[in-house]
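Undergrad: Need coordinates for the following:
(2 chains)
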There are 2 protein chains.
Amino acid sequence: METLRWAEQAPGIWKATIGTPEGLDPLSLLGIPPRRQALEAMGAAPFPLDQATIAAEVNPRRTVICLPLTPDEHIYGLGLQFMRLNHRGRTRYLRVNSDPRQDTGETHAPVPFYLSSDGYGVLVNTARIVTIYCGSTLRRQDPVEIKDRNTDPNWQATPRSELVEIVVPAAGAEVYVLAGPTLLDVVRRYNLLCGGGALPPRWGLGFWHRVPLPFTDEEAIQEAREFRQRGFPCDVIGLEPGWHSHSYPSTYEWSPERFPKPAEFVERMAQDGFRINLWEHAWVHPSARIYPRLEPFSGSHTVWGGLAPDYTLEEAQAVLKEQHDADHLSIGVSGYKLDECDGSELTGASWMFPAHATFPSGHDGEQLRQVYGLLLQKMTTDMFRRRNRRTYGLVRATTTGASSFPSVLYSDLYDHRQFVRALCNASFSGLLWTPEIRGARSAEEWVRRMQAVCFSPLAMLNAWSDRTKPWSYPEVEHIIKKYLQLRMRLMPYFYSAFARYHHDGTPPFRAMALEIAKHPTPAGLESLDADDQYMAGDSLLVAPLFAEELMREVFLPAGIWYDFETGERFEGDRKVRVSPGLDRIPVFARDGAIIPMMPPLDHAPQPGEQVPLEVRYYGTAPGQFRLYDDDGETYAYERGDYRWWTLEARVGADGQPQVAVTRPEEGWASSYADIRWRFMTTG
Amino acid sequence: METLRWAEQAPGIWKATIGTPEGLDPLSLLGIPPRRQALEAMGAAPFPLDQATIAAEVNPRRTVICLPLTPDEHIYGLGLQFMRLNHRGRTRYLRVNSDPRQDTGETHAPVPFYLSSDGYGVLVNTARIVTIYCGSTLRRQDPVEIKDRNTDPNWQATPRSELVEIVVPAAGAEVYVLAGPTLLDVVRRYNLLCGGGALPPRWGLGFWHRVPLPFTDEEAIQEAREFRQRGFPCDVIGLEPGWHSHSYPSTYEWSPERFPKPAEFVERMAQDGFRINLWEHAWVHPSARIYPRLEPFSGSHTVWGGLAPDYTLEEAQAVLKEQHDADHLSIGVSGYKLDECDGSELTGASWMFPAHATFPSGHDGEQLRQVYGLLLQKMTTDMFRRRNRRTYGLVRATTTGASSFPSVLYSDLYDHRQFVRALCNASFSGLLWTPEIRGARSAEEWVRRMQAVCFSPLAMLNAWSDRTKPWSYPEVEHIIKKYLQLRMRLMPYFYSAFARYHHDGTPPFRAMALEIAKHPTPAGLESLDADDQYMAGDSLLVAPLFAEELMREVFLPAGIWYDFETGERFEGDRKVRVSPGLDRIPVFARDGAIIPMMPPLDHAPQPGEQVPLEVRYYGTAPGQFRLYDDDGETYAYERGDYRWWTLEARVGADGQPQVAVTRPEEGWASSYADIRWRFMTTG
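TA: Numbers count the residues shown, from 1 in each chain, chains lettered A, B, ... in the order given. Got it, this is the predicted structure:
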């Protein structure tokens, strides 16, 4: 074992190279530079560990990196994990797998990046399957307390050590250490290293609805119109495999039977205020026009008989981009749902190409599988960027470095608690996640799932198989409408949260562990592990209820909190019990919260369209909100064409609220018209 | 890809070497020569595949071997599989894992050896984790029928190919092909290649009882005596961790508190006719006398803080053998239960040393883990062989080549159907398995489990935790006693079946697929997959009932079959329905079956002791039974000191049964005295 040489890459980010890393790694694939200016603004930080305690060894088969742990340290992150928040004591096998049914670390989106409750992070930049032993191995020289199983009732089958071991199955790897001091700082540095968080178009934050698989153009149009007729907001209609002339595998060409006039279809939907999102997967049907052009750039194995293109090659990328641009983007398609890029290992009957598949680039199936989702994200983002149009969509697998890509993870798994836990966990790793709603066993569950998805990066009903609609349970239709409308009303608030994600790396939805300062007391550590509540933006704490639950406990961090709807006051730094009834999801606003809200339009405002704001103020602490404003659809913001409004409120000595608004300069095309304040807890 | 060069090793067994195989492989570890004479007796057979269709490629990371499949071919074997018999269409990841909860191929005892219903076998001799894709990958050049998911209701998520791909994560491997023509021939060749099947001492086939973990010597003696007082047969008392001065990890030294006088304890038990079996695991406690001597020969990582000795080294083996011989064998201990040599991956919190652990031999944790159980089996067998005493015991993990080792697999998993399936599957891979009974949710389940375990390689009640006894359910005590006594009565029959295992490789308990000739019709293929019935010896078909089942279907192969107890007649080549009530497990004797049975002694006969035989004859077909006879305890049989009796029966022209017995020569010390025939279905 040898200690490593660390080179500072940016303030608070160090890199060490061990052995000879392979020629394929996620950070290089991105082709996106770190956001240096924002990293500089975070300021310098000391190396967060004793460098003498970090060591590594390499042999032709694997690279092993050892790092220390303190006794009470918790370990977070590692991608879109469904089973737990704190991985201390566990071994995580970070393979891409669409069916993680056991607590192994496998998931759609594993990321070999862990965050410590001691306030630092460790990232491995590799396309290989990394295994991280989070205090689950015992080296001979390390102290261990041995208990006698014969006589000691506290004997445990799973030992705990003060050692992290990271294993990369290759003769070299790049490792990064990221400083805090807080866990949120670690995440921000990570996101900025990866190019900053994604900024979706404004319409991406509206409501989404995916129609059933075999629908025709007319059926899709009818289903969309019903949203307007019933007064349910909706911005995006998603088409499932049936729009392809053949799938699975896919042609990427419109079905002449079901979608004979695609340009006209997209245009008619646009007139009603709907964007079109297209399902696809990466496996190319023999009848696809691009098949012969992709054949020389594809792997040894097929998926469902379709080509698996080697998209690490520019040539392969170019073929797909050109076809997609001509057939989809040119007629106004708004984005994609990139399905089936993970591969299931549930029953030992994976449809994915195997790890030993070979590809023209020289990379193998293990590597390609780990980064396939990331490559698809990059290609689609590139296509839309070239047209100066933002996109927002879905992807079922990704890995390290995905922060800047505007696509949201989703899953065939459907446990509601796991969905909420994944929402918490995604925030540690630069990932976005939708706990999409598909169906429910009861009206109650329907409401509970819908409430939670409206407080997530992408609010979607995925009716591809269940053929559900927001009004499928008439007895709760009014509650569903209330939440779809609330989603629309919160658009200015959520859009500003995403702008912070892009500009300073702060995740818009995030685990409680990212709200709490470094080195909490051991008692406080427990609250870091909360996996059924999360922050939505900077000021709202969301604590979903689950079906068959009438009451729940919520951990409120230190300070005063207010019920988002009623303004009821709660003391923080403790757990509180709430039982708000079916028509409400528990949401708390922190003292001083300022929440800008717009009217419940049936779809997002167009560029240049101005909407009025209702701005809510909670409590008495001085509050400030930075309201983000830009055209909402193009990349003009990258050239500086955006503004931050400042909304401020406080309660004066007379007990009366005082407010102040700083607007963009005259002549800049703002999205917001007049502002009306609403004081939720005073006056 | 290159075709391979095959060299015939013995009749019907060919080997090819690909690349540079690593210096650790199971067949070399065994140190046991193939049983050449028995292999020669099987005769020559043609290479069972077209050699041009078998190809391989090697790179520094892995070896890939491709073999063809026919459309209807079924794939069996691959070790102690719990989830299915036929692996066609599945990917099997053959890692040692004590908690295989998903259908991945992981198990306590994976064996990279598959048998085809087309009548051949393929074996990879490596200590690495092999992945076998049994028709679950699609190569680009291979034909595949693509279905349109949009319109075809027969679309399936998991494709099927006509290709096996074997992946060894090393730059070389040895591959064997074994000829049939029948599946049983393939298994026999495999077992003979590995030195022949295990021949346990006769007492090993009696009943076993493991006492609770914290028992003292006096408590164990009292519990054993209760068997005698109540008239329940029992040959072996097993001690669990509490006999060690410390565990976990283990000292292998007797606890001065619980077992202050071990020699006296073993002797007192022996006087009552009980053998002592000792639980242990391989991880050495710091307080163990042998710890300092093993320290230089141990791995980088500990297990529960105990040393993980590198038992690929003779020096490490010698230390353990010497201590065990002095402390255990010298006072009469009869064998071991070798626990915890697998490692669980269920929750990502394995207590096992990791794959990247390093060992003084230069082998790594992946290799050592795969063969650890095999090494322990070999060491214990060697120890007893040196004292010219046979042993019989338990082991929780093993792999390729274990056929000749007298230890039986067991598991913490406890699904009864899986237990029976494992009994079927074990027979394909030279493994023995006990569906041990521990507890039950009802008297009915207690009976059903007890009935099945009495028709298995090792009939054991493992009360280490549940503190159960055979009479724990008084309302069914008489049924339990009937089956424990039946187990004793069948000892001559089962002992002869094991002798065939040793001498000609025929597994004593085996899957139905081994009863059916090569190339069954496609309709017949389905019956090969039966996973809830099996053959016990050559003449009995066992079809366990499971709790809450009053009736079941049994597939009877072609011919006439008779109920073992009643003699009721059944036509074979079909499924029959039976509902025999709780006091009977469905067991069928084939037409012409000859079943030698002895009195229900309370423990096995001593060497030199003679017992009378009742020989049952079923049906009317001419039958012959080869009754094995030796001293039952030593290795004298290896020097030729054994005899085969011949028992023959037929029904003459007059409808009367005629019998013939060929005995050993005068003067040879036979185990059997007078023979009484019982004609179950005639006269």
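Undergrad: where along the stretch 1-150 of chain A do the strands fall?
TA: A:2-3, A:7-10, A:13-19, A:55-58, A:63-68, A:75-79, A:91-93, A:110-116, A:120-125, A:131-134, A:138-139 (DSSP state E, counting those that start in this stretch).
Undergrad: Spell out whether the first one and chain B are in contact.
TA: No - using C-beta under 8 Å from any C-beta of the partner chain, we find that strand A:2-3 stays clear of chain B, coming within 14.7 Å at best. Glycine gets a C-beta too; all of them are placed from N, C-alpha and C.
Undergrad: in its sheet, what does that strand sit against?
TA: Using DSSP bridges, the strands paired with strand A:2-3 are strand A:55-58 (antiparallel).
Undergrad: Next, the buried residues of the partner strand.
TA: Buried residues in strand A:55-58, counting neighbours by 16 or more other C-beta atoms under 10 Å in any protein chain shown, are found at A:Ala55, A:Ala56, A:Val58.
Undergrad: Switch those residues over to TSV, and while doing so, append pLDDT to every line.
TA: Shown next, in TSV, are the buried residues of strand A:55-58 (pLDDT from 0 to 100):
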residue	pLDDT
A:Ala55	97
A:Ala56	98
A:Val58	97
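Undergrad: Would you mind confirming that A:His416 is in contact with A:Gln451?
TA: No - using C-beta atoms under 8 Å, A:His416 is not in contact with A:Gln451; the gap is 10.7 Å.
Undergrad: Report the rounded mean pLDDT for stretch A:204-217.
TA: Per-residue pLDDT over stretch A:204-217 has a mean of 97.
Undergrad: nope, stretch A:464-473 is what I was after
TA: For stretch A:464-473, mean pLDDT is 96.
Undergrad: quick one: contacts of that stretch?
TA: Here stretch A:464-473 makes contact (C-beta atoms under 8 Å, 6 or more residues apart in numbering or on different chains) with A:209-213, A:223, A:226-227, A:230, A:232, A:238, A:240, A:279, A:437-440, A:443, A:446-447, A:450, A:461, A:463, A:477, A:480-481, A:484.
Undergrad: What are the buried residues along it?
TA: Residues of stretch A:464-473 classed as buried by neighbour count (16+ other C-beta under 10 Å): A:Trp464, A:Thr468, A:Lys469, A:Pro470, A:Ser472, A:Tyr473.
Undergrad: Stretch A:597-607 now?
TA: A:Met597, A:Met598, A:Pro600, A:Leu601, A:Asp602, A:His603, A:Ala604, A:Pro605.
Undergrad: and which of these is nearest to A:Ser300?
TA: A:Ala604 (44.7 Å; C-beta to C-beta).
Undergrad: quick one: contacts for the closest one?
TA: Here A:Ala604 is in contact with A:Pro201, A:Arg202, A:Trp203, A:Leu205, A:Gly206, A:Asp235, A:Met488, A:Met491, A:Gly632 (C-beta under 8 Å, 6+ apart).
Undergrad: Name the nearest residue to it, sequence neighbours excluded.
TA: For A:Ala604, ignoring the flanking residues on the chain, the nearest one in space by C-beta to C-beta, 6 or more residues apart in numbering or on different chains is A:Trp203 at 4.0 Å.
Undergrad: residue contacts, that neighbour?
TA: Contacts of A:Trp203 by C-beta under 8 Å, 6+ apart are A:Asp235, A:Val236, A:Arg275, A:Ser334, A:Tyr392, A:His603, A:Ala604, A:Gly632, A:Glu633.
Undergrad: Could you do A:Ala282 as well?
TA: A:Ser250, A:Val303, A:Ala308, A:Pro309, A:Tyr311, A:Leu338, A:Glu340, A:Cys341, A:Tyr372, A:Leu376.
Undergrad: and it, what pLDDT?
TA: Taking A:Ala282 on its own, its pLDDT is 97.
Undergrad: Tally up the residues packed near A:Arg584, please.
TA: Look at A:Arg584: counted by other C-beta atoms under 10 Å in any protein chain shown, it has 19 neighbours.
Undergrad: go on, A:Arg84?
TA: A:Arg84 has 19 neighbouring residues, counting by other C-beta under 10 Å.
Undergrad: Let's see the pLDDT reported for the residue nearest to it when sequence neighbours are not counted.
TA: Using C-beta to C-beta, 6+ apart and skipping the chain neighbours, the partner closest in space to A:Arg84 is A:Asp103 (6.5 Å). pLDDT, A:Asp103: 93.
Undergrad: which residues does A:Glu106 contact?
TA: By C-beta under 8 Å, 6+ apart, the neighbours of A:Glu106 are A:Tyr93, A:Leu94, A:Arg95, A:Val96, A:Asn97, A:Pro100, A:Glu345.
Undergrad: So the residue nearest to A:Leu514 when sequence neighbours are not counted: helix, strand or coil?
TA: In space, and not counting its chain neighbours, A:Leu514 is closest to A:Leu184: 4.4 Å by C-beta to C-beta, 6+ apart. Of the three states, A:Leu184 takes helix under DSSP: H, G, I helix; E, B strand; the rest coil.
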